[in-house]
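K.L.:
predicted model and sequence follow; I will ask about them next.
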Amino acid sequence: MLKSFPPQPGSDSLPPKCRWIDLIDPSDSEIAIVRERFGIEVPTLEDLTRINASSRLRACGDTLLMSAPLISGTDTDRWQIAPVGFILAPTVCITVRFVTLNAFDVVAKGIADDPDIAPAEIFIRLLEEIVDRAADHLERASGVVNDTSQSIFFDEPKRRQLSKNTARFREAMRTIGQVSDHVSRVRYAFLSIGRMATFVMDRCTPKIEGDLRDRLDGIRDDIKSLDEYEVSLSERIQLLQDAATGFISIEQNDVVKVLTVVSVAGVPPVLVVGIYGMNFRYMPELGWHWGYPFALVLCLVSVIVPLLWFKWRDWI
């Protein structure tokens, strides 16, 4: 799909004063239209997925070719990395993407009443909207982290409900893992945007001056603060993961402790019963009137003594 700004309804050609071309999973014919009009080779999906800096940030004369991995999907969907290409020329801004990204639609609506807007202005608006959405993603991730922290550290565990407590911590770890994955993807995206902003300021010809340059500086400052926020958020996520793992281990250790106490306390009476269950002919206790009660009391004492010892050592 080829979208142009200003739009050219009812025509497959580009408007005479085209400022922005948004290519969404472009066809061969659409790529040919752009090549014929501007002499620019549109990057393929394979080109956009390359990770080396020389492939992501290039200058061909007055034209800058850039790419960045953005985030596709909503908060309820599975997030994916969406490679997006940006081509900034003196007369046109071209974007190449293969998925739907709401940030581009928002910018298109925002510039609908300004047909003479400069390509650099469109490019900067796209970066600003992408960074704003990255900040929103981090804020929502922080909210999830806060809720999970409340569940782990402040909600009282349910007594004698080990399975429910373990399930709660397991769900907390699953949530934290998802948030950690989302945060790492967002950081990957906005750091790439920051490198693009720096590249444009250094290599754009003619040089970006005045308000646009200040806005690029603002984008870099925002990304720096987002990076610091992401580092702090990642540290909290790591703390919650360690805490949830530790609490699960504590719950399991309590179970093992109870089983250990029961097994140790149960050994002496088994020994007593085993001794008096032997079929020897001469056992004095067999002829006692109180032999049976004596064996029962001996079993009881053999259980109580280990329990008292455990209590004295503060193990139970």
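P.N.:
Received, thanks.
K.L.:
in what helix or strand does the closest residue to Leu57 other than its chain neighbours lie?
P.N.:
The shortest distance from Leu57 to any non-neighbouring residue, by C-beta to C-beta, 6 or more residues apart in numbering, is to Phe199 (4.7 Å). Every residue, glycine included, has its C-beta placed from N, CA and C. Following DSSP states H and E, one finds Phe199 within helix 162-203.
K.L.:
and for Gly85?
P.N.:
With DSSP H and E as criterion, Gly85 is part of strand 80-88.
K.L.:
got the angle for the following helix or strand past that strand vs strand 80-88?
P.N.:
Sequence order places strand 93-97 as the next helix or strand after strand 80-88, per DSSP H and E. Taking axes from the mean of the first three to the mean of the last three C-alpha atoms, to 10 degrees, one finds strand 93-97 and strand 80-88 inclined to each other by 160 degrees.
K.L.:
just checking: what are the partner strands of strand 93-97?
P.N.:
Within its sheet, strand 93-97 is paired with strand 20-24 (parallel), strand 80-88 (antiparallel), according to DSSP bridges.
K.L.:
could these be laid out in CSV, adding mean pLDDT and distance to Leu212?
P.N.:
Shown next, in CSV, are the strands paired with strand 93-97 (pLDDT from 0 to 100; distance: least, C-beta to C-beta, whole Å):
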stretch, mean pLDDT, distance to Leu212
strand 20-24, 90, 15
strand 80-88, 88, 12
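K.L.:
now distance to Gly210 and mean neighbour count too, for those strands, in a markdown table please.
P.N.:
Converted to a markdown table, the strands paired with strand 93-97 look like this (distance: least, C-beta to C-beta, whole Å; neighbours: other C-beta atoms under 10 Å):
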| stretch | distance to Gly210 | mean neighbour count |
| --- | --- | --- |
| strand 20-24 | 21 | 22 |
| strand 80-88 | 17 | 21 |
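K.L.:
what sits against the nearest residue to Leu2 once chain neighbours are set aside?
P.N.:
Of all residues not flanking Leu2 in the chain, Glu30 sits nearest, at 4.3 Å (C-beta to C-beta, 6+ apart). Contact analysis of Glu30 by C-beta atoms under 8 Å, 6 or more residues apart in numbering lists 1-2, 23.
K.L.:
all helices for this structure, in order.
P.N.:
Secondary structure of the chain by DSSP state H: the helices cover 28-38, 45-48, 53-56, 102-110, 119-149, 162-203, 210-276, 291-312.
K.L.:
specify the angle between the last one and helix 210-276 in degrees.
P.N.:
Read that as helix 291-312. Here helix 291-312 runs at an angle of 150 degrees relative to helix 210-276 (the same axes, to 10 degrees).
K.L.:
who touches helix 291-312?
P.N.:
261, 264-266, 268-269, 271-273, 276, 285, 288, 316.
K.L.:
the same query, at a cut-off of 6 Å, please.
P.N.:
For helix 291-312, the surrounding residues in contact (C-beta atoms under 6 Å, 6 or more residues apart in numbering) are 261, 264-265, 268-269, 272, 276, 285, 316.
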